[in-house]
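> build me a structure from this.
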Amino acid sequence: MNFERMLTNAKQLEGCTVSIAGAADEEVIRAVKLATNHGLSRFILFGEAREIRKLCEQHEIDESNVDILHAKGDVEIARRAALAVKNKEADVLMKGMVSTSTFMKAVLNREAGLRTKRTLSHVALFQIPNREKLIGVTDAAIHIAPTLEEKVEIIHNAVEAMHDIGYASPKVAAIGAVEVVNPQMNATLDAALLSQMNRRGQIKGCIVDGPLALDNAVDMIAAKQKGINSEVAGQADLLVVPYIEVGNVLYKSIMYFAEASVAAIVVGASAPVVLTSRADTAEAKLYSLAFALLHAKN
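Numbers count the residues shown, from 1 in each chain. Next up, the predicted model:
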């Protein structure tokens, strides 16, 4: 699986609509243009209508592919965009030029948002140059120091999303600083428990192993050098990080040192949420939209 194949699969979906909170932004409109060129979806664009319309005209976006709805202020923009998804007018909610905190408050609003009883978590997919397949990282954005129970939910969310893009049984590595259990390192204890829970059928739809250090999770030679005999070691599809600092640094290291492309969504709400950063390119937003639509429709 790679982003081009994911995009091809998403283009085969029918009747897709995306609601964007804060669409009066050059990179957001570029992403809309790319998505409409690919026939990916229609869009409901919330924000300053005059500015959005101007940008759409500049990028020659077909008016039949967008509905532009005027809204002022981050709170109102985010609320109305989330409500459109809640009311089934759209399949996916996407963050544009509104603050992340305001956007997430709208997502979690009990009356107008997308809150469910499930735990929300962030799933990122990376396409790294000279690497054959995508690799996922979770959770690099929402959970600061997840409990064991929350890690189970984080894995469940990510595995469900990966099923929807074509992974029948993702290989999941619970990451630690070392590949052996050390009672003084809680991350290794949790990783071992997650692995055992998977073996006993408490975590389904995937293969979990851990603790695994990053090198022996993703590199077969490193795994063999350590003498690790595992279905996951050296060939992980998904890396589950123990804390947000680990996830954040890993995410940005892959982006800036490996020059990877990324697609990232928030799962666990009643609909997928595309939570991009202002630094993300239009192409990254496009891949994130494809990921979200496949998760929403499959």
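
> element containing Gln184?
According to DSSP states H and E, Gln184 maps onto no helix or strand at all.

> now do Phe103
helix 100-108.

> and that helix, what does it pack against?
Applying 3 or more Cβ pairs under 8 Å, 6 or more residues apart in numbering; DSSP states H and E, we find helix 100-108 packed against helix 74-86. The way it works is simple: take the backbone N, C-alpha and C, and place the C-beta from them, glycine included.

> for the record, mean pLDDT for the helix it packs on?
Across helix 74-86, pLDDT averages out at 96.

> what does the next helix or strand after that helix contact?
Next helix or strand after helix 74-86 toward the C-terminus (DSSP H and E): strand 92-95. For strand 92-95, the surrounding residues in contact (Cβ atoms under 8 Å, 6 or more residues apart in numbering) are 16-22, 41, 81-82, 84-85, 103, 107, 114, 269, 271-276, 285, 288-289, 292-293, 296.

> among the residues you listed, which are in strands?
17-21, 273-274 (DSSP state E).

> the residue lying closest to Ile144 once chain neighbours are set aside and Leu120, how far apart?
Nearest residue to Ile144, sequence neighbours excluded (Cβ to Cβ, 6 or more residues apart in numbering): Ile244, at 4.8 Å. Distance, Ile244 to Leu120, by Cβ to Cβ, to the nearest Å: 14 Å.

> that older thread, tell me what angle the helix holding Phe103 forms with strand 17-21.
Helix 100-108 and strand 17-21 are oriented at 140 degrees to each other (axes from the mean of the first three to the mean of the last three Cα atoms, to 10 degrees).

> pull helix 100-108 out as CSV, backbone CA atoms only.
C-alpha atoms of helix 100-108 as CSV (Å, rounded to 0.1, in the frame of the first residue of the first chain):
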residue,chain,number,x,y,z
THR,A,100,-6.7,23.5,17.0
SER,A,101,-8.1,23.9,20.5
THR,A,102,-11.3,25.6,19.2
PHE,A,103,-11.6,23.0,16.5
MET,A,104,-11.3,20.0,18.9
LYS,A,105,-13.8,21.6,21.3
ALA,A,106,-16.3,21.7,18.4
VAL,A,107,-15.5,18.0,17.7
LEU,A,108,-16.1,17.1,21.3
